[in-house]
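>>> return a 3D structure for these sequence lines:
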Amino acid sequence: MKYNNGGLPLIFCLGSKLIQIQLNPPVKLNCDLGEGAGSEEAVMPFIDQVNIACGFHAGSPELMRKTLLLAKAHGVSVGAHPGYADREGFGRKSVPCTPDEIYELVLEQITVLDKHAIPEGITIDYVKPHGALYHNMIKNTEVRSSVFSAVSEFPASLTVMIQSTPKIETHRMEAKALGLCLWAEAFADRRYNNSGGLLRRQEGGAILDRAQVLAQVQQLVTKGSVTTDTGNKLMVAADTLCVHGDHVEGVSGIQEIRKLLSNE
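Numbers count the residues shown, from 1 in each chain. From the prediction side, this is the model:
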């Protein structure tokens, strides 16, 4: 595995309070793959964690197996990447679901990936929801509870990857109540707003170009912060950093991102 030297103390500004959080090294590099963008072979040698689509928003049995085998060959940790059943919208559209339906769709997708992993001697280590399901999990207590419950019911012990926001410690306590651990995630290729969320993809400047990606990673590594859409500095504590596998400019800079994280 490829790690950086980490260990920076980071601070969240929450109203008038400053909350210091220690950034626990090493910060890992993760990528959403198996979604049909074809970037698996280019990205896999440089990442620590791979989030593999499970067929609902993208992917196929063949692509799952291919991505799993590449991960095994490069010693990359495997995570299930479940999303809403929205292949037309690539899982980026919210689909009305009851809490029970969310529970079932998350558990089903983890199980599907696991069935392809077991024959190859591969273990699933964590779960990172995709797209609209990911953002709904952050914002909506019921959705988050359903996702956490589904992961906790899986026979193996899995960690959940969730965006690092000023509410991350509350989310950690919710997960702990179900026996789960969380990995706090930051984003290399997306613009943040002042509340710690991501700009919607439809908004101008939401998707960073290669130069902006590298600048944001450099700022995260050296300052523990990102620059928001209005120019403010936002402190972000993270265990893992995401580059989207369908973002061409982020993928093209993956080697440089790796070097920045590894402090080389």
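
>>> tell me the mean pLDDT for stretch 95-111?
Mean per-residue pLDDT for stretch 95-111: 98.

>>> can I get that stretch in PDB, CA atoms only?
Listed in PDB are the C-alpha atoms of stretch 95-111, where the atom choice follows Å, rounded to 0.1, in the frame of the first residue of the first chain:
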ATOM      1  CA  VAL A  95     -34.900   7.600  -6.400                       C
ATOM      2  CA  PRO A  96     -37.800   7.600  -3.900                       C
ATOM      3  CA  CYS A  97     -37.200   4.700  -1.500                       C
ATOM      4  CA  THR A  98     -38.500   3.700   1.900                       C
ATOM      5  CA  PRO A  99     -35.900   3.100   4.600                       C
ATOM      6  CA  ASP A 100     -36.500  -0.600   4.200                       C
ATOM      7  CA  GLU A 101     -35.900  -0.400   0.400                       C
ATOM      8  CA  ILE A 102     -32.600   1.500   1.000                       C
ATOM      9  CA  TYR A 103     -31.500  -1.200   3.500                       C
ATOM     10  CA  GLU A 104     -32.300  -3.900   1.000                       C
ATOM     11  CA  LEU A 105     -30.700  -2.300  -2.100                       C
ATOM     12  CA  VAL A 106     -27.400  -1.600  -0.100                       C
ATOM     13  CA  LEU A 107     -27.200  -5.100   1.400                       C
ATOM     14  CA  GLU A 108     -28.000  -6.700  -2.000                       C
ATOM     15  CA  GLN A 109     -25.300  -4.800  -3.800                       C
ATOM     16  CA  ILE A 110     -22.600  -5.600  -1.100                       C
ATOM     17  CA  THR A 111     -23.700  -9.300  -1.400                       C
END
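
>>> how about residues contacting that stretch?
54-56, 80, 82-86, 124, 127, 129, 132-133, 142-143, 145-147, 149-151, 153-154, 158 (Cβ atoms under 8 Å, 6 or more residues apart in numbering). Every C-beta, even on glycine, is put in place using the N, C-alpha and C of the backbone.

>>> do stretch 250-261 as well
Residues from elsewhere that reach stretch 250-261, judged by Cβ under 8 Å, 6+ apart: 2-4, 27, 29, 31, 37, 39, 42-43, 46-47, 188-189, 208, 210, 213-214, 217-218, 221, 241, 243-245.

>>> in that stretch, what's buried?
In terms of neighbour count (16 or more other Cβ atoms under 10 Å), stretch 250-261 has its buried residues at 250, 251, 253, 254, 256, 257, 258, 259, 260, 261.

>>> ok, now stretch 222-230?
Within stretch 222-230, the residues that count as buried by 16+ other Cβ under 10 Å are 224, 225, 226, 227, 228.
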